[in-house]
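> mind folding the following:
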Amino acid sequence: MDFSLTPALKSLQDEVRTFIAEQIIPLEKDPRQTAHGPSEELREELVSLARKAGLLTPHASKELGGRGWSHIEKAIAFEEAGYSTLGPTAMNIHAPDEGNIHLLEVVATPEQKERWLKPMVQGKIRSCFAMTEPAPGAGAAPQIRCQHRRPACKFLGPKHGAGRYSDDCCLAPRGGFGLERLFCHAGGQQQSAPRAGECHAGV
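This is a model prediction of the structure:
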């Protein structure tokens, strides 16, 4: 297997490496860093730097303002971003937003894309993935107890683990066909179980 980079891939690698080294790493000692990561003020500054460099949410499609990178391009660029603890946040490629952006781009309705996907791609809102419950642990997906009942969007059971202040949340309850993902409004706060009616997208 040939792991050598084409000139275009090497140029991409250098572009991200230079951005991280010159603009992001110097901010790692910024006093706005907290035990839970950068403050919202610092996060917005990081996002602004990536936007100016043309590196904000580059994995999104070109139609959404991204660069439509292939898996190989993402692998190269994401590795370079990871040389700084702030790199993925700056480029808006950190978990779970990177995965939720891909999920919404593939399955969301036009209305859902307008409400959630576009602001997420623009770095204006964040998301979370709420899977953890008081018992069992987060890694025990087959034993998840929180249930989702259709057609009314009603949750039965506790759901915790929205580990940061988020605007929207990808929730993992059990539905009629096993584990489901549902996109819910979180309102910019740490959440436990969303109230009935707050879920807007069955995925």
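
> show me the shaky parts of the protein.
128-203 (pLDDT under 70).

> show me the helices in it, by range?
Counting by DSSP state H, the segments of the chain that form helices are 7-19, 40-52, 71-81, 87-91, 97-107, 110-112, 118-121.

> which residues sit against the fourth one?
Put plainly, it is helix 87-91. By C-beta atoms under 8 Å, 6 or more residues apart in numbering, the surrounding residues in contact with helix 87-91 are 16, 20, 23-24, 37-38, 43, 46-47, 49-50, 55-58, 77-78, 80-82, 84, 94-95, 98. The way it works is simple: take the backbone N, C-alpha and C, and place the C-beta from them, glycine included.

> let's see that with 6 Å instead.
Helix 87-91 is contacted from outside by 20, 24, 46, 50, 55, 81, 94, using C-beta atoms under 6 Å, 6 or more residues apart in numbering.

> now, among those, which is nearest to residue 32?
Nearest to residue 32 out of the contacts of helix 87-91 is residue 46 (C-beta to C-beta; 10.1 Å).

> follow-up on the earlier one: now, which of the contacts of helix 87-91 sits nearest residue 113?
Looking across the contacts of helix 87-91 and measuring by C-beta to C-beta, the closest to residue 113 is residue 94, at 20.4 Å.

> now that closest one. Nearest residue, chain neighbours left out?
What sits nearest to residue 94 in space, not counting adjacent residues and going by C-beta to C-beta, 6 or more residues apart in numbering, is residue 88, at 3.8 Å.

> before we move on, what about residue 76?
Nearest to residue 76 is residue 13, by C-beta to C-beta, 6+ apart, at 5.1 Å.

> that neighbour - how many residues pack around it?
16 (other C-beta atoms under 10 Å).

> residue 40 now?
Residue 40, neighbours per other C-beta under 10 Å, totals 11.

> next one: the one 5 residues further on
The criterion is other C-beta under 10 Å. On that basis, residue 45 has 15 neighbouring residues.

> returning to what we had before: and of the contacts of helix 87-91, the nearest to residue 123?
residue 50 (7.7 Å).

> stretch 15-24: which residues count as buried?
15-17, 19-20, 23-24 (16 or more other C-beta atoms under 10 Å).

> convert it to CSV, retaining C-alpha atoms only.
The C-alpha coordinates for stretch 15-24 follow below in CSV (Å, rounded to 0.1, in the frame of the first residue of the first chain):
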residue,chain,number,x,y,z
GLU,A,15,-1.7,24.5,4.7
VAL,A,16,-3.3,23.1,7.9
ARG,A,17,0.1,22.5,9.6
THR,A,18,1.1,26.2,9.1
PHE,A,19,-2.3,27.4,10.3
ILE,A,20,-2.1,25.3,13.5
ALA,A,21,1.5,26.2,14.2
GLU,A,22,1.2,29.9,13.6
GLN,A,23,-2.3,30.8,14.8
ILE,A,24,-3.6,28.2,17.1
